[in-house]
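A.B. asks: Coordinates for the following, if possible.
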Amino acid sequence: MFGLCDGNNFYASVERAFDPKLIGKPIVVLSNNDGCCIARDALAKKLGVKMAQPIHEVPPEIRRQLVVRSANFGLYGDISGRIVSILRDLFPRVEVYSIDESFVTFDGIKDREAAAREARARILQWTGIPCCVGIGPTKTLAKAGNKLAKKTAHGVVDLADSAFRAQQLATYEVEDLWGVGRKWAAKLGAQGILTAQDLIEADPETLRARFGVTFARTQRELQGIVCSDIIETEPDRQQIVCSRSFGREVVELDDVSQAVATFAIRACEKLRARNLQASGVWVWLNTNPFKEGAKQYHPSKAFNLIAPSADTREVLMVAQALTRAMYRKGYRYKKAGVGLLDLTHGSTHQADLFAQIDPRSAKQMEVLDSINRKFGRGSMGFGSAAWRPKGKPQWSMRQENLSPAYTYRWDQLLRVR
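C.D. replies: Now for the predicted structure:
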């Protein structure tokens, strides 16, 4: 039996948990550079704020009623980790599906609903985040149960009973099913499949022929047949990408190179955290495609390393060389990114006849990472990435409504008086 624990309006709930003045006020959280609404609480939804709606398109009379926050992903990720640790104490297996959702199993637990209520209560008490839990024989049914649970006062719905499940799925819109969405719901609706129960009763061969194996798998999961189990360990990635839109357009090579170097360093940190190494480096630059009349330029280059590496210095050298090769004067750059390609496990090394692996490289990176873990990111860095700049770089993200780093920076911890 599976469960799905989901933090309600997670980003907005985290903001409210650390600032009680926000209780009873509509909250929206904006994407990078304060562009679009990526999270809304129930009050903001009632005011008509839509998901992914640009904040400047929200009518002024509604915008004045909102509490607007810039996305603070460091804070959200830290609270997410705390919630996962609570779930690991209560359930035998946990799969972190996203920053605000985790699948769990109830192996050996007799009273599933009691365990789910205990998880909700503990998460609310220890983190301040309200959660709902859906329970079902498959992950798809647990996901559906979670959505139904959000409409209840107790926040837990168990779809294990087949009669109760059929009753609930008879009115459950197919659009709300995991992996369906509006586009596919319209195509399914044209075939007379409007609810989850309609999808269960559809002819499997016709469904597979018209909509593919994914919907055939969804149908079987809705029927209670397990097609996907808990994945406790994240599989090794094939690539790692770090990219950002700039807060302001930049034109100088130094500014572009500085941004690319910062992204390369962050990508390498992620690489080493997973004990991986990269065989290639990919860099791209973009001008603003939405700016009418502006000259457009979207270069992209990749380079294969002689030997797989997780050394930030090697990646930086390649990334900046690619940046210099692509840079053209006269363009206003709005975005850049770095990708690390063809990843392999750190314990696997392909020897090269003409290139020796520096035995000091791994130790040096280990020292760098340990210092930044102990004293905070940026305690030790690289000059090419504007390490500890005197002012805010021109390319840095616009975050005019950023809340403090309440849990991961010593100088911004909450003070109780």
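
A.B. asks: switch to C-alpha atoms for all contacts and neighbour counts from now on
C.D. replies: Will do.

A.B. asks: can you list the domains in this protein?
C.D. replies: 9-72, 76-222, 240-385 (automatic domain parsing).

A.B. asks: can you redo the ones you listed as a markdown table with distance to Ser396, mean neighbour count and mean pLDDT?
C.D. replies: Shown next, in a markdown table, are the domains of the chain (distance: least, C-alpha to C-alpha, whole Å; neighbours: other C-alpha atoms under 10 Å; pLDDT from 0 to 100):
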| stretch | distance to Ser396 | mean neighbour count | mean pLDDT |
| --- | --- | --- | --- |
| domain 9-72 | 9 | 18 | 92 |
| domain 76-222 | 20 | 18 | 92 |
| domain 240-385 | 5 | 17 | 88 |
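
A.B. asks: so can I have CSV of those showing distance to Asp229?
C.D. replies: As requested, the domains of the chain are exported to CSV (distance: least, C-alpha to C-alpha, whole Å):
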stretch, distance to Asp229
domain 9-72, 25
domain 76-222, 8
domain 240-385, 23
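
A.B. asks: right, and the ones you listed - which one's nearest Tyr406?
C.D. replies: domain 9-72 (7.7 Å; C-alpha to C-alpha).

A.B. asks: roughly how far apart are Arg82 and Leu159?
C.D. replies: 27 Å (C-alpha to C-alpha, to the nearest Å).

A.B. asks: wait, Asn395 sits on Arg248?
C.D. replies: If you look again at residue 395, you'll see it is Trp, not Asn. Yes. Assessed by C-alpha atoms under 8 Å, Trp395 is found in contact with Arg248 at 5.7 Å.

A.B. asks: All the helices of the stretch 201-350 of the chain, residue numbers only.
C.D. replies: Assigned by DSSP state H, counting those that start in this stretch, the helices in the stretch 201-350 of the chain fall at 204-211, 213-222, 253-273, 312-326.

A.B. asks: Out of the ones you listed, flag the one nearest Gln239.
C.D. replies: helix 253-273 (9.1 Å).

A.B. asks: what helices or strands is the closest one leaning on?
C.D. replies: Other elements packing on helix 253-273 under the criterion 3 or more C-alpha pairs under 8 Å, 6 or more residues apart in numbering; DSSP states H and E are strand 240-250, strand 276-287, helix 312-326, strand 333-341.

A.B. asks: what's next to the shortest one, contact-wise?
C.D. replies: So the one you mean is strand 333-341. Around strand 333-341, the neighbours that count as contacts under C-alpha atoms under 8 Å, 6 or more residues apart in numbering are 238-251, 256, 259-260, 263-264, 267, 278-288, 319.

A.B. asks: what's the answer for the third one, then?
C.D. replies: Judged by C-alpha under 8 Å, 6+ apart, the contacts made with helix 312-326 from elsewhere in the structure are 253, 256-257, 260-261, 264-265, 268, 281-284, 299-303, 338, 365.

A.B. asks: what angle separates that helix from helix 253-273?
C.D. replies: The directions of helix 312-326 and helix 253-273 differ by 140 degrees, with axes from the mean of the first three to the mean of the last three C-alpha atoms, to 10 degrees as the criterion.

A.B. asks: quick one, strands of the stretch 1-150 of the chain?
C.D. replies: Per DSSP state E, counting those that start in this stretch, the stretch 1-150 of the chain carries strands over the ranges 2-7, 27-30, 37-40, 67-70, 94-96, 101-105, 131-136.

A.B. asks: could you dump the fourth one to CSV, C-alpha only?
C.D. replies: Taking C-alpha atoms only, strand 67-70 is exported to CSV below (Å, rounded to 0.1, in the frame of the first residue of the first chain):
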residue,chain,number,x,y,z
VAL,A,67,1.8,39.6,-0.1
VAL,A,68,4.4,39.0,-2.8
ARG,A,69,7.6,37.0,-2.1
SER,A,70,10.6,36.1,-4.3
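
A.B. asks: Please give me every residue in contact with Val174.
C.D. replies: Contacts for Val174 (C-alpha under 8 Å, 6+ apart) come out as Val180, Ala185, Ile193, Leu194, Thr195, Ala196, Leu199.

A.B. asks: Could you measure from Phe2 over to Arg217?
C.D. replies: 17 Å.

A.B. asks: same deal with Glu314?
C.D. replies: Counting by C-alpha to C-alpha - Glu314 and Arg217 are separated by 44 Å.

A.B. asks: Then Tyr172?
C.D. replies: 18 Å.

A.B. asks: and what of Asn401?
C.D. replies: For Asn401, the distance to Arg217 - C-alpha to C-alpha - is 43 Å.

A.B. asks: same check, this time on Ala185
C.D. replies: Here the criterion is C-alpha to C-alpha. By it, Ala185 lies 16 Å from Arg217.

A.B. asks: if we can go back for a sec, can you redo the contacts of Val174 as TSV with distance to Ile230?
C.D. replies: Compiled in TSV, these are given as follows (distance: C-alpha to C-alpha, whole Å):
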residue	distance to Ile230
Val180	21
Ala185	27
Ile193	29
Leu194	29
Thr195	26
Ala196	23
Leu199	24
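
A.B. asks: and of those residues, the nearest to Leu148?
C.D. replies: Ala196 (12.8 Å).

A.B. asks: pretty sure that closest one is in contact with Val180, am I right?
C.D. replies: No. With contact defined as C-alpha under 8 Å, Ala196 does not reach Val180; the gap is 10.6 Å.

A.B. asks: quick one on the thing from earlier: let me have the helices and strands packed on helix 253-273 in a markdown table, extended by distance to Asp41.
C.D. replies: What follows is the helices and strands packed on helix 253-273, written out as a markdown table (distance: least, C-alpha to C-alpha, whole Å):
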| stretch | distance to Asp41 |
| --- | --- |
| strand 240-250 | 26 |
| strand 276-287 | 33 |
| helix 312-326 | 40 |
| strand 333-341 | 30 |
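
A.B. asks: Ala149: which of these is closest?
C.D. replies: Comparing the helices and strands packed on helix 253-273 by C-alpha to C-alpha, strand 240-250 comes nearest, at 35.2 Å.

A.B. asks: how distant is that closest one from the center of its chain?
C.D. replies: 17 Å (C-alpha atoms, centre = their mean, to the nearest Å).

A.B. asks: now stretch 67-83
C.D. replies: For stretch 67-83, the distance to the chain centre is 11 Å (C-alpha atoms, centre = their mean).

A.B. asks: cool, and stretch 209-225?
C.D. replies: 26 Å.
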